[in-house]
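*Asks:* Need coordinates for the below:
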Amino acid sequence: MKMNEKTYLNIEEIISLPTLSDTKISDDGKNVAFVKKTANWKDNKYRNHVWIYEKDKGQCYPLTTRDIDCTYPLWSPDSSNIAYLSPVGDGDNKKNQIFVKSINGYSGVQITDEKEGVSKFKWEPTGKGFYYVAQSKEFEAIKKRKELYGDFHHIGKEYQNNCLYYIEIEKVIQNDKFEHENSVVYQLTDGKDFHIHEFDISNDGKKVVFMATPSSNMQDNINGDLYILDIQANELQKLNIDTLLVGSVCFSPEGSKICYSACIMEKDYYKNHIQDSALEIYDLNNRERIQPLTDFDSTVNPLRWTAKGILIRWQNKTNYLIGLLSEDGTVEMLSEDVDSFIMDASITRDGNYISYNKAITNEIFEIYLDDKKITNENSFFKGKHKSNREVISWQSSDGLEIEGVLSTPVEFDANKKYPLLVVIHGGPAWASFPIFSDCFNEKYPIEQFIEKGFIVLEPNYRGSSGYGNEFLKANYRKLGIADYDDVISGVDKLVDKGIADKERVGVMGWSNGGYISAFCSTFSSRFKAISVGGGITNWSTHYVNTDIPYFIKMYLGNDPWNDPEIYTKTSPMTYIKYACTPTLIQHGEKDARIPTPNAYELYQGLRDMKVDTELIIFKGMAYSSDQPGINVAIMKQNLMWFSHYILGESMKDFRVL
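*Replies:* Take a look at the predicted model:
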């Protein structure tokens, strides 16, 4: 290679791409706070820090530094201070606490000292304190039981639920302590009857609305309710809303209404079905529900109710958009309707100023203030080649139109046949997008695949979000088989166009993408190599091991005891005797959503069938790792696997990379 010849990003550079998130605008519209995540290679950790953009100075700078994570920034109501979460404690027992820091210089002051940490918080409207969510204290009866008998857990009966608390800043500073007993901290719910997820405070500070489920058990997520807490009267009211609640909740400016995202059907429907959601408004005075949005064929999330309307965010195919919704159902678009992925957005109380985190095709995320870009993270690519990503479409075997993202090299030749790799997203209610972001794809080195000579297809198979409710439900009781048809028809489309080599195709994916890859491994002989990441391999055994069995019933329509046939038909292990494709299996040791028995079952089955296979278990990892080095290893293993089995390169250093 010539000295000045451009290359694509290597794997370490891909992992080093900065990720911007948690965009928050101050209510005076002058400043923006956001979180910047980077890889600290010295400590093999990702680091998150709060950054500030000051409009008057026209510059960005870090508000927090050192090797301590800082996340979830929130401006004070007077726009002078920033509160954020940062871990406190020893060793691995560090828990997030609330800190407050002035942008004018004083060091961060710790406000809370919750044993299990703070998960969410909001400023009290006058700025005097914080409402926050943290785990309930362990009940005295359980403490006494431990002393008498030792420690054990009664499954399905004992949970430490999230409670709502309030803390006054001045009392903390005056007392220099965080004691609940001296009324520095006020506990507003007791954790006995429900687990709080999302909440908001009325602008007058008199009421709190929160979404809560009967327990912190994931299975209870489909049994959520809305509650209103009258702070002065200390009265709690459960609202009569019998729909499945998703997303966030917010008060209207005058506090008489709330807006939330809820699924259209009643809760019982979700025991065996999939359904998209819509926005609802609840009038607290009239005690009635209103549906302002019925023509949005996508899940819509309310972000904040301003004087000019409700800031909402929704997905439209491979775009994520924002707009202002009025109560009559009309929407003022605040973003382009194409080539736009807005990760998060923040708006001032008066609705006059907005900031957001956006990526466009072939770029990583940048922060914008009132449509002006205020960061320059894409300079990371200076002097480098970038693959070209475009959205293509094709028809599946049953005529359903499927879209996908095709990545090709800079010097793409439409008359040449390329080896093809298929990267399948998880979910299934998620999608692949034509943007660069390691937070969406931290397992598969697409840029390195491109540099090796592959082209890469990321299909948005049936069940993917953003394509409407009918598309979302199109894989109901068709998992695996219909997914395979969507994938292989995309492969055939590229083969028919003459740009993909039919004899050199590989497939990979993680989570639900790992399930579809496992299905391809046992169901098909069309592929030269496969990688299964954190994938489901046997629905029946997975049903009793996962922390979300209700999710399986939503897609398969029943449990394995009453409908074993559907569980057999859709399980990769059913077809293990036909397996013939070299398959790499990667799995997080502590993945509760898709536990490791799935990986061991496929591994043993492939070995018994004399199929080339390797199993890698990543210690301490669940779905993803907080160590950039682990993500480098995952990517290098995949690069080596497909380079060997499709391009014929050596595998001699696979075990040690």
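*Asks:* tell me which helix or strand of this protein sits lowest on mean pLDDT?
*Replies:* None of the helices or strands of the chain scores lower by mean pLDDT, DSSP states H and E than strand 257-266, at a mean of 79.
*Asks:* And residue 573, how close does it get to residue 307?
*Replies:* The gap separating residue 573 from residue 307 is 57 Å, by CB to CB, to the nearest Å. Using the backbone N, CA and C atoms, a C-beta is placed for each residue, glycine as well.
*Asks:* So which of the two has more stuff around it?
*Replies:* Between residue 573 and residue 307, counted using other CB atoms under 10 Å, the more crowded position is residue 573 (22 against 12).
*Asks:* That one touches residue 523, doesn't it?
*Replies:* No: taking contacts as CB atoms under 8 Å, residue 573 lies outside contact range of residue 523: 10.7 Å.
*Asks:* what about stretch 492-509, average pLDDT?
*Replies:* The average pLDDT for stretch 492-509 rounds to 97.
*Asks:* May I have it as CSV, with CA atoms only?
*Replies:* Extracted in CSV, the C-alpha atoms of stretch 492-509 (Å, rounded to 0.1, in the frame of the first residue of the first chain):
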residue,chain,number,x,y,z
ASP,A,492,-31.2,-13.4,-4.4
LYS,A,493,-32.0,-9.8,-5.5
LEU,A,494,-28.3,-8.9,-5.3
VAL,A,495,-27.3,-12.2,-7.0
ASP,A,496,-29.8,-11.5,-9.8
LYS,A,497,-28.5,-8.0,-10.2
GLY,A,498,-25.1,-9.5,-10.8
ILE,A,499,-23.3,-7.8,-7.9
ALA,A,500,-23.3,-10.7,-5.4
ASP,A,501,-21.5,-14.0,-5.8
LYS,A,502,-24.1,-16.8,-5.0
GLU,A,503,-21.3,-19.1,-3.9
ARG,A,504,-19.8,-16.7,-1.4
VAL,A,505,-22.5,-15.5,1.1
GLY,A,506,-22.2,-15.3,4.8
VAL,A,507,-24.7,-14.3,7.5
MET,A,508,-24.5,-13.0,11.1
GLY,A,509,-26.5,-11.2,13.8
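*Asks:* now what about that stretch, what contacts it?
*Replies:* Identification of contacts with stretch 492-509 by CB atoms under 8 Å, 6 or more residues apart in numbering yields 392, 394, 406, 414-426, 443-444, 455, 457, 487, 491, 515-517, 520, 526-533, 535, 638, 642, 645-647.
*Asks:* Next up, the contacts around residue 581.
*Replies:* The contact partners of residue 581, by CB under 8 Å, 6+ apart, come to 520, 521, 524, 525, 527, 528, 529, 530, 611.
*Asks:* hang on, residue 279 in a strand?
*Replies:* Yes: assessed by DSSP: H, G, I helix; E, B strand; the rest coil, residue 279 belongs to a strand.
*Asks:* do you know how far it is from residue 297?
*Replies:* Distance check for residue 279 against residue 297: by CB to CB, it reads 13 Å.
*Asks:* what residues are shared contacts of the two?
*Replies:* Joint contacts of residue 279 and residue 297 (CB under 8 Å, 6+ apart) do not exist.
*Asks:* re the thing from before, going through the contacts of stretch 492-509, which ones are buried?
*Replies:* The neighbour-count test (16 or more other CB atoms under 10 Å) marks 394, 406, 417-426, 443-444, 455, 457, 487, 491, 515-517, 520, 526-533, 535, 638, 642, 645-646 as buried among the contacts of stretch 492-509.
*Asks:* Could you check the pLDDT of the spatially closest residue to residue 535 that is not a sequence neighbour?
*Replies:* Closest residue in space to residue 535, ignoring its immediate chain neighbours: residue 514 at 2.5 Å, by CB to CB, 6 or more residues apart in numbering. Looking at residue 514, its pLDDT is 97.
*Asks:* Please apply the same query to residue 448.
*Replies:* At residue 448, the pLDDT value in this model is 95.
*Asks:* Helix, strand or coil: sort out it for me.
*Replies:* If you use three-state DSSP, then residue 448 falls in the helix class.
*Asks:* Show the contacting residues for it.
*Replies:* 8, 9, 10, 11, 14, 635, 639.
*Asks:* and if you look at residue 67?
*Replies:* With CB under 8 Å, 6+ apart, residue 67 has these contacts: 40, 43, 45, 47.
*Asks:* Below-threshold pLDDT in the stretch 1-150 of the chain: ranges please.
*Replies:* Along the stretch 1-150 of the chain, the model assigns pLDDT under 70 to residues 1-4, 105-107, 138-140.
*Asks:* all helices of it, in order?
*Replies:* According to DSSP state H, counting those that start in this stretch, the stretch 1-150 of the chain carries its helices in the segments 11-16, 140-149.
*Asks:* Could you identify which of those is most buried?
*Replies:* Of all the helices of the stretch 1-150 of the chain, helix 11-16 carries the top mean neighbour count, a mean of 18, counting by mean count of other CB atoms under 10 Å.
*Asks:* Count the neighbours of residue 159 for me.
*Replies:* Residue 159 has 17 nearby residues by other CB under 10 Å.
*Asks:* Can you name the helix or strand that it falls in?
*Replies:* Under the criterion DSSP states H and E, no helix or strand holds residue 159.
*Asks:* Neighbour count: residue 279 and residue 297, which is higher?
*Replies:* The neighbour comparison of residue 279 against residue 297 (other CB under 10 Å) goes to residue 279, with 24 against 16.
*Asks:* Look at that one and report its pLDDT.
*Replies:* On the pLDDT scale, residue 279 is placed at 84.
*Asks:* what's the answer for the one 4 residues further on, then?
*Replies:* The score at residue 283 is 92. That number is its pLDDT.
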